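Visitor: sequence first, predicted coordinates after that:
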Amino acid sequence: MNRRIVVKIGSSSLTSEEGGLSRERVRFYADELAKLHRQGVQTLLVTSGAVAAGFRRLGYETRPKLVHEKQAAAAVGQALLMQAYQEAFAAHDIPAAQILLTRPDFGNRGRAQNAERTIEELLKLRAVPIINENDTVATDELKFSENDTLSALVANLTKADGLYILTDIEGLYTADPRKDPNAKRIGRIDVISEELYRIAGGAGSSVGTGGMRSKIEAARIAMGGGVATFIGRVTEPGELVQAVEGSGRGTYFTTSLHSLPAKKKWIGFLSVPQGRIVVDRGAEAALLHGGKSLLPAGIRGAEGDFHLGDVVEVINEEGKTLGRGVTNYAVWQVTAAAGLPSEEAQRRVEAPRVEVIHRDEWVTTHVQKEAEIHE
Ligand SMILES: Nc1ncnc2c1ncn2[C@@H]1O[C@H](COP(=O)(O)OP(=O)(O)O)[C@@H](O)[C@H]1O
Ligand SMILES: N[C@@H](CCC(=O)OP(=O)(O)O)C(=O)O
């Protein structure tokens, strides 16, 4: 049995047909989590539902669409959401703790460590940390694409053994089952490939389709940090325990990676890149397959506003992401040194090191084209 798990509950699992918060569903999930808690499993909950819980109280007739309206609804609804969880967990004598985070909180190592320490203390005292996005301050560039990403970052930060993303469908299918009756459920996935993003639908498709895409992205981030992931449906009593035991209604994403060293995990899966470096084919092969550092000779260009010590994303000339690393060069130095032999580059821009990114500070996040799918 897992020692520590993160459970993510999406809006679709918590709302009634009219779009408001269902207190009955909140109680159901609290009861399910309490069963694991009683078995000694440390449980963290990432929950949506603030907008759903708040919009009516503010006088909106339907769930608002504009960002500032949603923020206002969430400010009212977050308190109501927590109240519902407080009551539901109190029935099990479990203290419920509220934690509100934004994307940059993970990108700042000091803030991330503070959050981690607070969560450790709460778990030690047998509380359930209940986490949501801090909607008041989160607008576009501060936002997680969905709470799915937030749950993956929390799982990585807290070194969880498993991430359970609960939704209204029994896992990932070979196509959207709402549109294709022949779609089959995928039971297990060992490697996230580009093909999975394709079958989860591309940008510009319906809201639900985007939903599965962001869950695949969450699974990728969690697996990269060594956290096994489940995407599926839990609606009947006992099903969350079953999901954690390996027989849930959904798709299991395995990972052979053991937790990366803390620094690499932060670079690859928690940091917020400050810019991008474009590399040629030779550098791509050296980084992905050669275990080498990135040298100026293989660089084609750079964008963003980064300085020595920042994390940057490295992409190839087709725009595909290869990985991330800590740069020893500022953006102007990368631009001036691009394509030059190492010594000349270092002399010209007075860089502290020859390597633009040293291999000890590099994490590959490249997604391969295809991989086996187990039905
Ligand atoms: N290949 C697929 N397999 C399963 N579901 C898919 C797929 N492609 C798109 N979807 C849609 O994704 C939806 C789940 O995402 P979403 O509605 O955002 O859930 P939540 O609110 O729980 O985050 C499903 O109901 C389904 O319609
Ligand atoms: N943080 C907001 C919205 C988060 C959200 O929509 O997430 P999800 O249900 O996973 O798509 C809320 O609590 O209402």
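Guide: The structure has been received and is ready for your questions. Ligands and ions are numbered 1, 2, ... in the order given.
Visitor: and for Leu153, the neighbour number?
Guide: Using other Cβ atoms under 10 Å, Leu153 has 26 other residues around it. The way it works is simple: take the backbone N, C-alpha and C, and place the C-beta from them, glycine included.
Visitor: and the one 4 residues further on, by the same measure?
Guide: A total of 23 residues lie near Leu157 under the criterion other Cβ under 10 Å.
Visitor: got the contact list for it?
Guide: 106, 112, 115-116, 119, 270 (Cβ atoms under 8 Å, 6 or more residues apart in numbering).
Visitor: what's the farthest-apart pair in those?
Guide: Ile119 and Leu270 (13.9 Å; Cβ to Cβ).
Visitor: for His374, see how far away the residue of the stretch 1-150 of the chain found nearest ligand 1 is.
Guide: Here the stretch 1-150 of the chain gets closest to ligand 1 at one residue, Gly10, 2.4 Å apart by Cβ to the nearest ligand atom. Gly10 sits 25 Å away from His374, going by Cβ to Cβ, to the nearest Å.
Visitor: per-residue confidence for whichever residue of the stretch 101-250 of the chain sits closest to ligand 1?
Guide: Ligand 1 sits closest to Gly211 of the stretch 101-250 of the chain, with a gap of 1.8 Å, by Cβ to the nearest ligand atom. Gly211 is assigned 78 on the pLDDT scale.
Visitor: and the helix or strand that contains it, which residues are buried?
Guide: Here Gly211 sits within helix 207-224, counting by DSSP states H and E. Using 16 or more other Cβ atoms under 10 Å as the test for burial, helix 207-224 gives 208-224.
Visitor: when Gly10 and His374 are compared, which one has more neighbours?
Guide: Higher neighbour count among Gly10 and His374: Gly10, with 22 against 11, using other Cβ under 10 Å.
Visitor: just checking, that one touches Asn132?
Guide: No: using Cβ atoms under 8 Å, Gly10 makes no contact with Asn132, being 11.6 Å away.
Visitor: what do the two both touch?
Guide: 48, 147.
Visitor: identify the bridge partners of the closest residue to Val334 other than its chain neighbours.
Guide: Among residues not flanking Val334 along the chain, Ala302 sits closest, at 4.1 Å (Cβ to Cβ, 6 or more residues apart in numbering). Beta bridges link Ala302 to Ile277, judged by DSSP bridges.
Visitor: for Ala302, what are its contacts?
Guide: Applying Cβ under 8 Å, 6+ apart to Ala302 gives the contacts 275-278, 312, 331, 334-335, 338.
Visitor: now with 10 Å?
Guide: Each residue near Ala302 by Cβ atoms under 10 Å, 6 or more residues apart in numbering is listed here: 275-279, 312, 314, 327, 329-338, 356.
Visitor: for Ala75, same thing?
Guide: Contacts of Ala75 (Cβ under 10 Å, 6+ apart): 50-51, 54, 58, 135-136.
Visitor: okay if I get these as JSON lines plus secondary structure and pLDDT?
Guide: Shown next, in JSON lines, are these (DSSP: H, G, I helix; E, B strand; the rest coil; pLDDT from 0 to 100):
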{"residue": "Ala50", "secondary structure": "helix", "pLDDT": "95"}
{"residue": "Val51", "secondary structure": "helix", "pLDDT": "93"}
{"residue": "Gly54", "secondary structure": "helix", "pLDDT": "96"}
{"residue": "Leu58", "secondary structure": "coil", "pLDDT": "96"}
{"residue": "Asp135", "secondary structure": "coil", "pLDDT": "92"}
{"residue": "Thr136", "secondary structure": "coil", "pLDDT": "92"}
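Visitor: what ranges does the stretch 201-350 of the chain have for its strands?
Guide: Here the stretch 201-350 of the chain has its strands, by DSSP state E, counting those that start in this stretch, at 228-233, 249-253, 275-279, 299-304, 311-316, 321-327.
Visitor: any chance of those in a markdown table, with mean pLDDT too?
Guide: Below are the strands of the stretch 201-350 of the chain laid out as a markdown table (pLDDT from 0 to 100):
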| stretch | mean pLDDT |
| --- | --- |
| strand 228-233 | 97 |
| strand 249-253 | 97 |
| strand 275-279 | 98 |
| strand 299-304 | 98 |
| strand 311-316 | 98 |
| strand 321-327 | 98 |
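Visitor: mind putting the ones you listed in JSON lines, distance to Val67 included?
Guide: Formatted as JSON lines, the strands of the stretch 201-350 of the chain follow (distance: least, Cβ to Cβ, whole Å):
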{"stretch": "strand 228-233", "distance to Val67": "27"}
{"stretch": "strand 249-253", "distance to Val67": "31"}
{"stretch": "strand 275-279", "distance to Val67": "26"}
{"stretch": "strand 299-304", "distance to Val67": "25"}
{"stretch": "strand 311-316", "distance to Val67": "26"}
{"stretch": "strand 321-327", "distance to Val67": "27"}
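Visitor: looking at the ones you listed, which is closest to Arg347?
Guide: Of the strands of the stretch 201-350 of the chain, nearest to Arg347 by Cβ to Cβ is strand 299-304, at 16.2 Å.
Visitor: how about stretch 62-81 as CSV, C-alpha atoms only?
Guide: Only the C-alpha atoms of stretch 62-81 are listed here, as CSV (Å, rounded to 0.1, in the frame of the first residue of the first chain):
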residue,chain,number,x,y,z
THR,A,62,-24.8,30.6,-14.3
ARG,A,63,-21.1,29.8,-13.8
PRO,A,64,-19.3,33.0,-14.9
LYS,A,65,-16.9,32.9,-17.9
LEU,A,66,-14.8,36.1,-17.5
VAL,A,67,-11.7,35.8,-15.4
HIS,A,68,-12.4,38.6,-12.9
GLU,A,69,-15.9,37.2,-12.4
LYS,A,70,-14.6,33.7,-11.8
GLN,A,71,-12.0,35.2,-9.4
ALA,A,72,-14.8,36.9,-7.4
ALA,A,73,-16.9,33.7,-7.4
ALA,A,74,-13.9,31.7,-6.2
ALA,A,75,-13.2,34.2,-3.4
VAL,A,76,-16.7,33.6,-2.0
GLY,A,77,-16.8,29.9,-2.9
GLN,A,78,-13.4,28.9,-1.5
ALA,A,79,-14.6,29.6,2.0
LEU,A,80,-17.8,27.7,1.4
LEU,A,81,-15.9,24.8,-0.2
